[in-house]
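Undergrad: using only what follows, build the 3D model:
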Amino acid sequence: MPYLTVPKESPVTEMTPIQLYVEDSGGRGRPVVLIHGWPLSAEAWSAQTDALVAAGHRVIAYDRRGFGRSDKAPNGYDYDTFARDLDEIITQLDLDGAVLVGFSMGGGEVARYLGTYGQRRVAGAVLAASVTPALCITGDNPDGGMPFEGFAELRNQCRGDRQGFLAQFMTNFFSNPDALAVSQSQLDEALRIAGQGSDQALQDSIIAWATDFRADLAKLTVPTLVIHGDSDNNVPFEASGQRAHALIQGSRLHVVAGGPHGINVSHADEFNRVLLDFIASL
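TA: Residues are numbered from 1 along each chain as shown. This next block holds a predicted model:
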């Protein structure tokens, strides 16, 4: 199985070397890096991987630390570390002219990576149903989605009843707003993937959703696509995609009518068409 090792950061940190599961497939076309949402893995991108490979692109999809088939690291469930993991993948695979596609919490990796490591290796960015720019309501961010106490309560619910929380979360994930927008088998598959995440990763990542990415987005100059469903239960469009589009100068916005949070599954054909058109324009 394809694994990539993220080395220990320094002798004085608590971070230990971990292995990330990375799938590298397709042709010699433009590299596209797919970064999944919570609580899933690279498997959640299957419809996009097939379409991108068919179009001749090189597709890199990986499991975030603690999720899927990657190591269940004891720590590092914050966006600085997630961005460092992404940088290791881009550097070790020597990617150039890449398109970074971040779904939901994966959009945070895209923003923090570009804000921290720059855009030298990147040709474009996609924020899909993303947690950007800043979901946590604060004094200087009144238009976020919820106060920090809300994120803490979600973590507590996940801690107290992992299975029940995941079942309800994923039902909301694919509903718009009350009716399920995918088949039962697709929901069951998502729950199977979610079951691979460690307790630590699931719980700590919920707190990471409260990260403020506005300073990162302010540094973006590469072409950026924002794609979001207008019926997203988990990350409401008004608090996220709409604001991100307004903050990123020159960004493109595509709103999926009736789209729930999991638009890459529920509206896969539309999602793939918009994604491929964006990549072709770069």
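
Undergrad: count of neighbours near residue 152?
TA: As a burial measure, residue 152 scores 13 neighbours (other CB atoms under 10 Å). All C-beta atoms are positioned from the backbone trio N, CA, C, and that covers glycine.

Undergrad: give me the element it is part of.
TA: If you go by DSSP states H and E, residue 152 is part of helix 148-160.

Undergrad: CA atoms of that helix as CSV?
TA: The C-alpha coordinates for helix 148-160 follow below in CSV (Å, rounded to 0.1, in the frame of the first residue of the first chain):
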residue,chain,number,x,y,z
PHE,A,148,-16.7,28.4,20.2
GLU,A,149,-19.0,26.8,22.8
GLY,A,150,-20.9,25.2,19.9
PHE,A,151,-17.8,23.4,18.6
ALA,A,152,-17.0,22.2,22.1
GLU,A,153,-20.5,20.8,22.5
LEU,A,154,-20.2,19.0,19.2
ARG,A,155,-16.9,17.5,20.4
ASN,A,156,-18.6,16.4,23.7
GLN,A,157,-21.4,14.8,21.8
CYS,A,158,-18.9,12.8,19.6
ARG,A,159,-17.1,11.8,22.8
GLY,A,160,-20.2,10.7,24.6
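
Undergrad: mind listing what's buried along it?
TA: 150, 151, 154, 155, 157, 158 (16 or more other CB atoms under 10 Å).

Undergrad: run through the bridge partners of residue 147.
TA: residue 137 (DSSP bridges).

Undergrad: quick one: the strands in the stretch 1-150 of the chain?
TA: Ranges of strands in the stretch 1-150 of the chain, per DSSP state E, counting those that start in this stretch, are 3-6, 18-26, 31-35, 58-62, 98-103, 122-128, 136-137, 146-147.

Undergrad: for these, which one sits closest to residue 166?
TA: strand 98-103 (17.3 Å; CB to CB).

Undergrad: what about residue 253, which SS state?
TA: strand (DSSP: H, G, I helix; E, B strand; the rest coil).

Undergrad: residues near the nearest residue to it once chain neighbours are set aside, how many?
TA: Spatial nearest neighbour of residue 253, chain neighbours left out: residue 245 (4.3 Å); criterion: CB to CB, 6 or more residues apart in numbering. As a burial measure, residue 245 scores 21 neighbours (other CB under 10 Å).

Undergrad: which element, helix or strand, includes residue 245?
TA: Assigned by DSSP H and E, residue 245 falls in helix 241-247.
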